[in-house]
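Fold the following for me, if possible:
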Amino acid sequence: MTTNKFLTYEELITIDSLEGRIKYLELHDFNYSSPREINSRLYKSPLWMRIRKEIILRDNGNDLGMTGVPITGRALIHHINPITVSDIENWNEDKLINPSNLILCTYKTHGRIHFSTKNQEPELTERSPRDTLLW
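Below is the predicted model:
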């Protein structure tokens, strides 16, 4: 789904299935990238740690805020409207820490959102000694 208008948290949670929420959030059409060295400024800040706790509580520990889909392992906070390097460098609070742009999810769900291609598993290639393929 390619669109210029992103849903807010309040709008996203009206999608009645986990699969529907994941499909909406998939980013493979958005050409998104976010360097870790820049992200760490945000994700290590005391403000982020406080907001993170608030989002976990708000979403009741459920994957993508979906009632009945509890997260039992590690969880993270996902930006509904993707953030950019510029957002972090210029500290765009509306995108970075606005609860309406944040949702709780599992690492598996987050991986599907960011790295899947139409929810298909990547094709594995045969490995050989000293190859340089990522997979």
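
Doesn't Ile113 lie inside a strand?
No. Under DSSP: H, G, I helix; E, B strand; the rest coil, Ile113 sits outside any strand and is assigned helix.

Would you mind measuring from it to Leu64?
Distance of Ile113 to Leu64, given as CB to CB, to the nearest Å: 9 Å. Just so you know, the C-beta spots here come from the backbone N, C-alpha and C atoms, and that holds for glycine as well.

okay, those two: which has more neighbours?
Leu64 (28 against 22; other CB atoms under 10 Å).

Assign a three-state SS to the residue lying closest to the more buried one once chain neighbours are set aside, would you?
Closest residue to Leu64 apart from its sequence neighbours, by CB to CB, 6 or more residues apart in numbering: Arg21 at 4.5 Å. For Arg21, the assignment made with three-state DSSP gives helix.

Is the residue most central in space within the chain bridged to anything, and to what?
Among the residues of the chain, the one closest to the centroid is His78, at 3.2 Å (CA atoms, centre = their mean). Counting by DSSP bridges, His78 is bridged to Ile103.
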